[in-house]
Every structure is written in C-alpha cells, then in structure tokens.
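*Asks:* How does the following fold in three dimensions:
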Amino acid sequence: MQDARMTPDEVTQLFTRADGQFAFARWGRPIAPVIFGVGDKTLETIKGALEAVAALSGHKLAETDPELGANLMVFFFRDWEELPQVPNLDRLIPDLGPLVARLQSAGANQYRVFRFDDQGGIKAAFVFVRMDGALSDLPADVLALSQVVQGILLWSDTAFTDRSPLAVLQDRTILRPDIAALIRAAYDPVLPVAASDPSHALRLQARMQSAPPA
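*Replies:* You can find the predicted model right below:
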C-alpha cells in the first residue's frame, strides 16, 4: 500500500490548472451541505463521507450557513437538460444554459462551481453529478467519498484525470494515504486559506512530511 509521501512537484501539479495557473483554496467557513436527487440511504452515505473528510481535515460541518443557508449544494441527476428546470438555479449559476450546452457537448458526467470569500477561501460550492453508466456502476460509498474529496479543496481541473484520489485496501475503498495527508496539511490553521504562488506547495509538502499518521 502506498504511503503518504509526495514530492513538491506532485503537490504542485494537484493545484496547477490546465492553463498553467497555480490556484489553491480551502473552505473558509463551516460547510453546510444539502443534497438533491438521491434516496435516504444514499443521502446517509454521503453525509457519512462528509463527516469523515471533515474529521480528517479538522474543518467543521454546520446545519446552516448564516449568509447562504446551504453553501455546498450537490445535485445528482440523469441528464444535463434537467438542470435548467431546477427553480432559481440560474440565479446561482450565471450562464447556466450555455454551461449545460458545453457539458452536454463534452459528454461530461460531473462539474463543480466554486465561490470565494474576500480572503480567497471557498465560501460555496455547487457540485453537479450526471449519473451516466460509469458512475451508476460505482458503489454508493465510493461515489460519495470521491465527490466529497473533490469538493473539500480547490483542486486542479486535471488533478484526478489520470488517477483517482481513492485506493483499494483489502477489498475496501479508502482515501489514498497521500491525498489524506495533503488534505490534513491544507487545513493547517497556520497556512492561508488561499494561495496563487506555487511556493505554497512546498509548505503543504513540508507539513505532510511532519504530520503524524492518521
């Protein structure tokens, strides 16, 4: 099983977008989630994944956000055309129609939109998951953990294109130890909530090396 070590370059790449820009951000406020489009059993699985990742990071969950009510909205659906039918969603997501058209054209099965506070920290996230054949075949706990992990930080748009943040240990799907260590490091209160300089990856990597095992 892989250990929790990463090189500085590997950390850097996880926050370097396809256009070459380095962009790191973590949540700057407690996460108040609301989930749409799943049954009670799957809802409990997603909540369990949220609680586990929040405990790992040391970040808090909340019932409500004082400004937004819910600040993490996760939508599960079968077809992108369903999104424009969601009441008031176009007020939260500007240019929703053109966005849906682009996602349909690309054959995408997931998309995330983040909003940021004055310090650059994440203040809201909208997660859209189209349950195509590939995602529908995943066990609920795997799908839930994957989505939660991808929403806990502002990762690069290419971060997990070639490799999942999850791993299999004795027939059980878990968060990769190196990704777990990076999430813990990212929420170190000494570090800023956001950074655009690649040197931030060095600070993250140093804390990963010094952090005690989970």
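
*Asks:* residue nearest the centroid of the protein?
*Replies:* What sits nearest the mean C-alpha location of the chain, by C-alpha atoms, centre = their mean, is Gly151, with 1.5 Å.

*Asks:* give the contact list for that residue.
*Replies:* 72, 74, 112, 125, 127 (C-beta atoms under 8 Å, 6 or more residues apart in numbering). Yep, even glycine has a C-beta here, placed from its N, CA and C like the rest.

*Asks:* so which of those is the most crowded?
*Replies:* Val74 (24 neighbours; other C-beta atoms under 10 Å).

*Asks:* Which of the three states applies to that one?
*Replies:* Under DSSP: H, G, I helix; E, B strand; the rest coil, the three-state class of Val74 is strand.

*Asks:* How about Asp118?
*Replies:* Per three-state DSSP, Asp118 ends up coil.

*Asks:* Just give me the neighbour total for it.
*Replies:* Neighbour count for Asp118, taken as other C-beta under 10 Å: 7.

*Asks:* for this protein, which spans come out with low pLDDT?
*Replies:* Scanning the chain with the threshold set as pLDDT under 70 gives 1-4, 210-214.

*Asks:* And the helices in it?
*Replies:* 8-14, 40-57, 89-92, 96-106, 133-136, 140-152, 177-186, 200-210 (DSSP state H).

*Asks:* Touching the fifth one from outside, list them.
*Replies:* In other words, helix 133-136. Identification of contacts with helix 133-136 by C-beta under 8 Å, 6+ apart yields 109-110, 129, 143.
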